[in-house]
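>>> Show me the folded form of this:
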Amino acid sequence: MKQAFQDFFSQESSGGIVLMVVVAVAMVLANSPFDGAYQAFLNTPVQVRVGALDIDKPMILWINDGLMALFFTLIGLEVKRELLQGALSSPSKAALPTIAAIGGLVAPAIIFLALNQDDQVARGGWAIPAATDIAFALGVLALLGSRVPPALKVFLLALAIIDDLLVILIIALFYSDNLSMLSLLMSALATLGLVLLNRFRVRNLMPYLLVGIVLWVAVLKSGVHATLAGVVLAFTLPLKKDENGYCPSEELEHTLHPWSAFLILPVFAFANAGVSLDGLGLSDLTSPLPLGIALGLLCGKPIGIMLFSLLAVKLRIARLPEGIRWVQLFGVSLLCGIGFTMAMFVASLSFEPGLMNYGDLSRLGILIGSGIAAISGYLVLKITLSEHE
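Predicted coordinates for the structure are as follows:
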């Protein structure tokens with residue numbers, strides 16, 4: 001039994017499987033007699049107070065602002081590694097996934113806004129279908145095993161990382177309000193502290209983490225979304241190995257990865273995927289908000305990625321990875337329509353809790369669009385990769 005558990009958790013697809021199970025559990029709880037207990041858990045007040053510093057939030061915001069800061073730290077570590085050492089470390093490597101990611105952001109936003117142009121509140125969710133869930137997309141790709149060419153996996157990883165970087169910029173630019181200049185100053189000082197630790201070649205992780213906590217609190221109080229503190233921390237960690245082969249950035253990435261896959265993202269999904277269907281009819285499911293999100297993920301993502309990739313190749317700005325066919329790239333572009341946890345995170349920033357049923361409808365659109373995109377992408381790749389063999 002122990003070996004079976006170890007085998008399961010060592011598989012790349014296991015994180016996606018855990019997420020699907022957690023989503024199913026959340027949906028069942030939200031539509032059962034236990035919904036009251038489920039909502040009570042999400043709204044449990046949690047307060048941390050040290051002198052004049054007071055952080056008093058319901059459980060769901062501790063999850064969305066706190067746990068997700070750790071997830072964004074992991075995203076930042078992956079982005080930095082790929083930019084400096086990996087699939088994005090040169091213009092020739094980065095050109096196609098970067099251009100494709102931009103297309104994958106623009107097209108879903110256009111589709112969403114076209115369907116929601118008459119609703120001023122709904123328009124605030126334009127970025128929801130722009131996000132790709134790296135863990136879920138790679139998990140689905142892993143189900144195809146060794147048939148997946150390494151170049152195709154690298155392309156998906158690079159595209160998804162650039163996609164997440166663009167979403168981080170969107171959060172910083174469009175989802176920050178009521179800014180506190182004092183807290184922003186504290187954030188700047190904490191960031192400077194992290195930079196100085198790096199410049200003085202401090203290799204111990206602990207000083208970075210302590211300053212990172214100060215940064216998180218300052219950013220949380222500043223009006224800028226607190227998860228961005230994780231990205232700043234990640235970008236200031238040393239990436240080069242010392243004479244003993246130790247790398248702080250690599251150490252933290254390896255530590256956070258299993259926690260992210262099997263605790264942070266499942267807890268986030270549990271807290272945000274529980275959509276009550278009570279009072280929702282077919283007309284609600286096909287209303288502009290969920291329809292715009294679902295079509296943005298399912299159609300906008302592949303249309304934008306394929307169109308921008310084709311233009312980049314035709315204009316000789318970039319080239320198709322060796323051994324990869326366009327139909328396989330189309331399969332990957334469908335997998336990029338799996339927004340899931342990242343899209344739900346943006347949805348949580350777009351609509352205030354209790355704002356009519358915008359939150360529930362947006363999450364339904366995410367679940368529908370992501371689910372169909374996952375199945376479609378898997379089937380397209382299964383067929384084309386079998387032919388390739």
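>>> what residue is smack in the middle of the chain?
Nearest residue to the geometric centre of the chain (C-alpha atoms, centre = their mean): Met342, 3.3 Å.
>>> Give me the residue ranges of the protein where confidence is low.
1-13, 353-356, 386-389 (pLDDT under 70).
>>> For the one helix or strand Asp56 maps to, name the packing helices and strands.
Using DSSP states H and E, the element containing Asp56 is strand 53-58. If you count contacts as 3 or more C-beta pairs under 8 Å, 6 or more residues apart in numbering; DSSP states H and E, strand 53-58 packs onto strand 45-50, helix 205-222. C-beta coordinates here come from the backbone N, C-alpha and C atoms, glycine included.
>>> so which of the ones you listed gets nearest Ala373?
Nearest to Ala373 among the helices and strands packed on strand 53-58 is helix 205-222; the distance by C-beta to C-beta comes to 32.1 Å.
>>> For that closest one, list the C-alpha coordinates in PDB.
The C-alpha coordinates for helix 205-222 follow below in PDB (Å, rounded to 0.1, in the frame of the first residue of the first chain):
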ATOM      1  CA  LEU A 205      17.300  30.700   2.600                       C
ATOM      2  CA  MET A 206      16.100  31.800   6.100                       C
ATOM      3  CA  PRO A 207      16.900  35.600   5.700                       C
ATOM      4  CA  TYR A 208      15.100  35.700   2.400                       C
ATOM      5  CA  LEU A 209      12.000  34.000   3.800                       C
ATOM      6  CA  LEU A 210      11.900  36.300   6.900                       C
ATOM      7  CA  VAL A 211      12.200  39.400   4.700                       C
ATOM      8  CA  GLY A 212       9.700  37.800   2.300                       C
ATOM      9  CA  ILE A 213       7.100  37.500   5.100                       C
ATOM     10  CA  VAL A 214       7.600  41.300   5.900                       C
ATOM     11  CA  LEU A 215       7.100  42.000   2.200                       C
ATOM     12  CA  TRP A 216       3.900  39.900   2.000                       C
ATOM     13  CA  VAL A 217       2.400  41.800   5.000                       C
ATOM     14  CA  ALA A 218       3.400  45.100   3.400                       C
ATOM     15  CA  VAL A 219       2.000  44.200   0.000                       C
ATOM     16  CA  LEU A 220      -1.200  42.800   1.600                       C
ATOM     17  CA  LYS A 221      -1.800  46.200   3.400                       C
ATOM     18  CA  SER A 222      -0.800  48.200   0.300                       C
END
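>>> quick one: contacts of it?
The contact list for helix 205-222, computed with C-beta atoms under 8 Å, 6 or more residues apart in numbering, reads 53, 55, 65-66, 69, 73, 179-180, 183-184, 186-187, 190-191, 193-194, 197, 202, 225-226, 228-230, 232-233, 236-237, 248, 251-252.
>>> what about the longest helix in the chain?
For the chain, the helix with the greatest residue count under DSSP state H is helix 358-388.
>>> Mind jotting down where the helices sit in the stretch 251-389 of the chain?
265-272, 282-285, 288-295, 301-314, 326-335, 340-350, 358-388 (DSSP state H, counting those that start in this stretch).
>>> Can I get those helices in a markdown table including distance to Ile161?
What follows is the helices of the stretch 251-389 of the chain, written out as a markdown table (distance: least, C-beta to C-beta, whole Å):
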| stretch | distance to Ile161 |
| --- | --- |
| helix 265-272 | 16 |
| helix 282-285 | 32 |
| helix 288-295 | 22 |
| helix 301-314 | 14 |
| helix 326-335 | 14 |
| helix 340-350 | 12 |
| helix 358-388 | 18 |
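>>> I'd assumed Ile366 was in contact with Gln275.
Actually, residue 275 is Val rather than Gln. No: counting by C-beta atoms under 8 Å, Val275 does not reach Ile366; the two are 9.4 Å apart.
>>> Looking at these two, which is more packed in?
The neighbour count for Val275 versus Ile366, taken as other C-beta atoms under 10 Å, is higher for Ile366 (31 against 21).
>>> Name the nearest residue to the more buried one, sequence neighbours excluded.
Ala343 (4.6 Å; C-beta to C-beta, 6 or more residues apart in numbering).
>>> any idea how far Ala160 is from that neighbour?
13 Å (C-beta to C-beta, to the nearest Å).
>>> Give me the more crowded residue out of those two.
Between Ala343 and Ala160, counting by other C-beta under 10 Å, Ala343 is the more crowded of the two (31 against 28).
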